[in-house]
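[1] With the input below, show me the fold.
(2 chains)
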Amino acid sequence: MSLISVRDLTVSFPTRDGWVDVVRDVSFDLGRERLGIVGESGSGKSQTGRALLGLTPPPGRARAERLDFDGQDLRRATARDWRAIRGRRIAMVMQDPKYSLNPVMTIGAQMREAGRIAGVADPASTAHRTLEAVQIRDADRVLGAYPHELSGGMGQRAMIAMMLMAEPEVLIADEPTSALDVTVQVEVLRILDDLVRDRGMGLVFISHDLRLVSTFCDRVLVMYAGKVVEELAAADLDRAKHPYTRGLLNCLPRLDREPGPLPTLDRQEEWAL
Amino acid sequence: MTLLSIQDLNVVFPGKSGPVHAVRGVSIDVTRGESYGLVGESGSGKSTVLRAVAGLAPVSEGTITLDGQTLGRKRDRAFYRRVQMVFQDPYGSLHPRHTVDRVLSEPLAIHRMGDAEKRIARALDEVGLGQGFRFRFPHQLSGGQRQRVAIARALILEPEIMLLDEPTSALDASIQAEVLNLLDRLRVERGLTYVMVSHDLGVVAHMCERLSVMEQGRVVETLTRADLRALRATQPYTQRLLAASRGFTRADPVT
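    Okay, here's the model as predicted:
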């Protein structure tokens, strides 16, 4: 059974030349799986993720034929309904811990606050436990630390731990590892991977990195100019049909590639139609 | 023939809780016409090595020689004619209120090079932008276009060495391919020497003939492109970088 069901999601922003659709007719279902959304900057991948939580920044607007979470119609959700969902049942991890954590509160204080707002019974001990769940060995030090005292990888783990306190059913991760070093990236992904498996969470993994997504996720949506141009099982990425997906794969420098100019993307206008 | 030689370089920054030893005893020889890569993660000191060469970071110990001449504490104007740098973030490295024309005119004025009109037109053509971009402001350009302007600004002085600090890591993959191809073509056409810093082994393997892997301020391993492509890394850290560059793997545990 799917946790989230989306049909024809469109997100628009007003500009001087009228409304521009940055997400156009996106449809997908999310089960207890790792779903990747890949695209380049401006493809609408982040706005898709935000719309799932009703976080389309004003004056932008999101509309859809269907936007269901666990049988509930999110299009008609009131502010009160959203409060019961955000952070409690669907949580979101942003890209950069430097900007997403409050710089003047200790990690412990932020986690306890987040836990209290999400209705966690015992925020203090839950904070400690979830930090250990994301493989932070010295949880007490991290709880007492300010964000600037932590490395990027540690900060991102603390953010993930904060989002896990309420044991959400769905986690939306928007470029959760892009600001991290590659070796740390793998560690953070492993934590997310364990969480999906052990807790049966649904994960929406938004990234620009096609290779990373293809090795980590079960299923991939490839977005271009606001539309899903291709949906495929991650294992079948080599058999991608859409020229954009293939172009994106081929233009990456790889260790096993012969020297010579990299193939570049020859953008076709019909892709954006 | 060695064009740029770095011997036993140490860079120490003063810090609140004692000095920070960012680069520890790094020695690198870059041959004329080659492309040399420095790979490492954040804090490994790879950018600091580049900045020390450019005179943007203090050389605490060691010597840097260019064409046999040892560089002193301050770099003179002649040095910057020969050595130019391209920075990582094209959003931060261009003055937001200067047009492309002004960005490109300034180095020419500083170095008293005539023929500005012709040189600017040529530089814009060479980086694939063309005349139409000459009077635009940075905010009217995409990230890839901005990086091309930054490359044009470095090229316009006709340098011998280009110091490239993560020149494509802020760009989308498809744009990265275009900029890497541009850099590759320019090197061949102009006989340039590159020293390129990157965290991406794929990029370095594509661009550089030789590379050094850095960790915590030290060079842990120096490899050729052939070594890298054949996965002939002896150091565990390099092997971890190689594994991570292949993406996520469920099977092998991180050690």
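[2] going forward, measure contacts and count neighbours with C-alpha atoms only.
    Fine.
[3] And the strands in chain B?
    Using DSSP state E, the strands of chain B run over B:2-13, B:20-31, B:35-39, B:61-66, B:69-70, B:83-86, B:161-165, B:193-198, B:210-215, B:218-224.
[4] which of those is buried the deepest?
    strand B:35-39 (a mean of 27; mean count of other CA atoms under 10 Å in any protein chain shown).
[5] That one: partners in the sheet, and parallel or antiparallel?
    Sheet pairing for strand B:35-39, assigned by DSSP bridges, gives strand B:193-198 (parallel), strand B:210-215 (parallel).
[6] Run through who's touching that strand.
    With contact meaning CA atoms under 8 Å, 6 or more residues apart in numbering or on different chains, strand B:35-39 is reached by B:30, B:46, B:193-201, B:204, B:207-214.
[7] Turn the strands of chain B into a markdown table, columns for mean pLDDT.
    Listed next are these as a markdown table, based on pLDDT from 0 to 100:
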| stretch | mean pLDDT |
| --- | --- |
| strand B:2-13 | 95 |
| strand B:20-31 | 94 |
| strand B:35-39 | 95 |
| strand B:61-66 | 94 |
| strand B:69-70 | 92 |
| strand B:83-86 | 95 |
| strand B:161-165 | 95 |
| strand B:193-198 | 95 |
| strand B:210-215 | 94 |
| strand B:218-224 | 94 |
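[8] helices and strands of chain A: which one has the lowest mean pLDDT?
    Lowest on mean pLDDT, DSSP states H and E among the helices and strands of chain A sits helix A:97-100, with a mean of 81.
[9] Tell me which residues are up against the next helix-or-strand element following it.
    With elements assigned by DSSP states H and E, the helix or strand that comes after helix A:97-100 is helix A:107-117. Residues outside helix A:107-117 that contact it (CA under 8 Å, 6+ apart) are A:102, A:123-124, A:126-127, A:142-147, A:158, A:162, A:165-166.
[10] For chain B, what lies in contact range of chain A?
    By CA under 8 Å from any CA of the partner chain, the residues of chain B that approach chain A are B:41-42, B:172-175, B:177-178, B:180-181, B:184, B:199, B:201-203, B:205-206, B:228-229, B:240-241, B:244-250, B:254.
[11] so how far is chain B from A:E169?
    Distance, A:E169 to chain B, by CA to the nearest CA, to the nearest Å: 22 Å.
[12] my bad, should have said A:Q185
    Distance of A:Q185 to chain B, computed by CA to the nearest CA: 8 Å.
[13] and that residue, that's in a helix?
    Yes: counting by DSSP: H, G, I helix; E, B strand; the rest coil, one finds A:Q185 located in a helix.
[14] before we move on, the earlier item: quick one, which of the strands paired with strand B:35-39 gets closest to B:V83.
    B:V83 lies closest to strand B:193-198 among the strands paired with strand B:35-39, at 9.4 Å (CA to CA).
[15] Outside of that closest one itself, list whatever touches it.
    With contacts defined as CA under 8 Å, 6+ apart, strand B:193-198 is touched by B:30-40, B:46-47, B:50, B:160-166, B:169, B:187, B:204, B:208.
[16] Next, the angle from it to strand B:20-31.
    140 degrees (axes from the mean of the first three to the mean of the last three CA atoms, to 10 degrees).
[17] Centre-most residue in the chain?
    You didn't pick a chain, so chain A it is. The geometric centre of chain A, computed from its C-alpha atoms, lies nearest to A:A173 (CA atoms, centre = their mean), at 2.3 Å.
[18] that's the other chain; I wanted chain B
    For chain B, by CA atoms, centre = their mean, the most central residue is B:L164; offset 1.4 Å.
[19] now stretch A:261-268, how far from the centre of its chain.
    Remark: stretch A:261-268 is offset 27 Å from the chain centroid, using CA atoms, centre = their mean, to the nearest Å.
[20] pLDDT of stretch A:81-96, averaged?
    The average pLDDT for stretch A:81-96 rounds to 89.
[21] Please read the previous query as pertaining to stretch A:214-233.
    93.
[22] what's that stretch in contact with?
    Here stretch A:214-233 makes contact (CA under 8 Å, 6+ apart) with A:21-26, A:33-40, A:42-45, A:189, A:205, A:213, A:234-235, A:237, A:240-242, A:244-245, A:271-272, B:247-249.
[23] before we move on, the earlier item: may I have the residues that are in contact with the residue nearest to the centre of chain B?
    B:M85, B:V86, B:F87, B:Q88, B:Y194, B:V195, B:M196, B:V197.
[24] Among these, which pair sits farthest apart?
    Based on CA to CA, the longest span within those runs between B:Q88 and B:Y194 and measures 14.9 Å.
[25] where along the stretch 101-250 of chain A do the helices fall?
    For the stretch 101-250 of chain A, the helices defined by DSSP state H, counting those that start in this stretch occupy A:107-117, A:123-133, A:139-144, A:152-164, A:182-199, A:210-216, A:243-250.
[26] Residue of the stretch 1-150 of chain B nearest chain A, please.
    B:E41 (5.7 Å; CA to the nearest CA).
[27] B:S142: how many residues sit nearby?
    By the measure other CA atoms under 10 Å in any protein chain shown, the count of residues near B:S142 is 13.
[28] now the contacts of stretch A:214-233: which count as buried?
    A:21-26, A:33-40, A:43-45, A:189, A:205, A:213, A:234, A:237, A:240, A:244-245, B:247-249 (16 or more other CA atoms under 10 Å in any protein chain shown).
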